[in-house]
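Enquirer: Sequence unavailable; structure follows:
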């Protein structure tokens, strides 16, 4: 029996569809929470299909971090990498479970309003700021890829061996053109669900990338001794260089957990997608999340394995750069680079929606939908991200700080502490197993945060250049 419709206007929202097959279903029964009714989003009607929701969430998960997974595997070994990847995927799904359960109990479908219910206005501002900072960092990283890669792709397709200074080979001009012609029109759509079509196309581009990685495994020899520039990839060739390692421990191994954790960050998009899901309930949205995470898990694993088995110890932190060094004029890999550019460009509008929603929740919580405000916020956000990408020559350290603080907060810390605060004590006392698990989960996030920040500080102190990937 479906008691709750999408807009969140009814008291039955707390039932969250009762989730009858769930052994913890009693946690979704209605109960008195006291206080005034929380604000709900009223500008969406929940018309997005299950499949489109899967495309949108999968696209939110899929990020530029996929290019660094083969490098991560080379620093952990195949077995250890698979163990870590499975663990992070399960933890990410559990994190979404905590968010959906908290949202279902109190009838709220906004990350910021969960923060408000848990800790009042400070919690609302904290959640909104973390989402805004993290997603602006993600948008900037995608546009940095466009800025650096698109001129090289155009140059290669034109047969030019060097940049001759034309305006269409200038990265700053290209990101402005891409932002105005592609990103802004998509960002102006009223509902995130409409981006399911572009998300599906974006994912198909990444599938093309995946197929190309598999194909190249059987066409590139190891140790690349047939290529003049193979020495760039295999500086220290040993007898076992072309043998896959099950377990590897080195100075780069500790970076793998942050890389994988960041690769599964999609939590700011979960509740907006939940809001727009047709016939929504917790069980249905959890299925969307599980399918999306499973699909990305398979893509991540296959990409990492075949990328690693192509170059072994010679794989670089960004997989595409490794292929280009082997053969800069490889037509297939140029097409792959173009496909990746399309994929990251079409992901930017999906990432922008949660930022706009966070801004609206922080600045205009009681205001109804307004097209002028909707358009203005999108324009300002895109303008600021373009300005950041143009003016800052290298923001690796800035992104490192953002990623080390916001990603663990969104995946582990906030879902855990929100769950502890929102679920009533009479329903689940602090000594209950679910709340103990949530507390341990939040604690794990603090450990990840401290660990990631420590690696960045060590890099600064030692002056070593390490690449930690990113979402």
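Expert: That came through fine. Since we're looking at a predicted model, the values are computed, not measured.
Enquirer: How many neighbouring residues does the closest residue in space to residue 250 that isn't next to it in sequence have?
Expert: Using CB to CB, 6 or more residues apart in numbering and skipping the chain neighbours, the partner closest in space to residue 250 is residue 75 (5.9 Å). All C-beta atoms are positioned from the backbone trio N, CA, C, and that covers glycine. Neighbourhood size, residue 75 [other CB atoms under 10 Å]: 23.
Enquirer: Run a quick check on residue 75 versus residue 247, I expect a contact.
Expert: No - between residue 75 and residue 247 there is no contact under CB atoms under 8 Å: 10.9 Å.
Enquirer: list residues touching both of the two?
Expert: Residues touching both residue 75 and residue 247 (CB atoms under 8 Å, 6 or more residues apart in numbering): there are none.
Enquirer: Need the pLDDT of the residue nearest to residue 250.
Expert: Note on residue 75: pLDDT of 84.
Enquirer: which helices and strands does the helix or strand hosting residue 342 pack with?
Expert: Following DSSP states H and E, one finds residue 342 within helix 331-363. Under the contact criterion of 3 or more CB pairs under 8 Å, 6 or more residues apart in numbering; DSSP states H and E, helix 331-363 touches helix 50-61, helix 111-119, helix 121-157, helix 184-187, helix 196-217, helix 267-276, helix 319-326, helix 371-391.
Enquirer: try it again with 6 Å
Expert: If you count contacts as 3 or more CB pairs under 6 Å, 6 or more residues apart in numbering; DSSP states H and E, helix 331-363 packs onto helix 50-61, helix 121-157, helix 184-187, helix 196-217, helix 267-276, helix 371-391.
Enquirer: Sort out which residues of that helix are buried, please.
Expert: 333-334, 336-362 (16 or more other CB atoms under 10 Å).
Enquirer: Show the average pLDDT along stretch 325-340.
Expert: Mean pLDDT, stretch 325-340: 83.
Enquirer: Actually, stretch 80-95.
Expert: Stretch 80-95 comes out with an average pLDDT of 91.
Enquirer: residues in contact with that stretch?
Expert: Stretch 80-95 is contacted from outside by 73, 247, 256, 260-261, 264, 290, 293, 297, 411, 415, using CB atoms under 6 Å, 6 or more residues apart in numbering.
Enquirer: with those residues in mind, which one is nearest to residue 57?
Expert: residue 293 (8.5 Å; CB to CB).
Enquirer: what's near enough to touch the closest one?
Expert: So residue 293 contacts 89, 92-93 (CB under 6 Å, 6+ apart).
Enquirer: Helix or strand for it, just tell me which one.
Expert: Per DSSP H and E: helix 282-311 holds residue 293.
Enquirer: Tell me the first helix or strand C-terminal of the worst-scoring helix or strand of the chain on mean pLDDT.
Expert: The helix or strand of the chain with the poorest confidence is helix 396-408; it has a mean of 70 (mean pLDDT, DSSP states H and E). Counting by DSSP H and E, the element after helix 396-408 in chain order, helix or strand, is helix 414-422.
Enquirer: For that next one, list every residue counted as buried.
Expert: Result for helix 414-422 [16+ other CB under 10 Å]: buried residues 414-422.
Enquirer: That one packs against which elements?
Expert: Counting contacts by 3+ CB pairs under 6 Å, 6+ apart, helix 414-422 is packed against helix 78-106, helix 111-119, helix 433-462.
Enquirer: pLDDT on that helix, on average?
Expert: Here the average pLDDT along helix 414-422 is 92.
Enquirer: any idea how far that helix is from the chain center?
Expert: Chain-centre distance of helix 414-422: 21 Å, with CA atoms, centre = their mean, to the nearest Å.
Enquirer: Show residues contacting that helix.
Expert: Identification of contacts with helix 414-422 by CB under 6 Å, 6+ apart yields 95, 98-99, 102, 106, 114, 117-118, 435, 438, 441-442.
Enquirer: Among these, name the buried ones.
Expert: Using 16+ other CB under 10 Å, the buried ones in those are 95, 98-99, 102, 106, 114, 117-118, 435, 438, 441-442.
Enquirer: which stretches of the stretch 201-350 of the chain have low pLDDT?
Expert: 223-241, 251-252, 254-255 (pLDDT under 70).
Enquirer: give me every residue that touches the closest residue to residue 74 other than its chain neighbours.
Expert: On the basis of CB to CB, 6+ apart, the spatially nearest residue to residue 74 that is not a chain neighbour turns out to be residue 315, at 5.0 Å. By CB under 6 Å, 6+ apart, the residues touching residue 315 are 70-71, 74, 322.
Enquirer: Sounds good, over and out.
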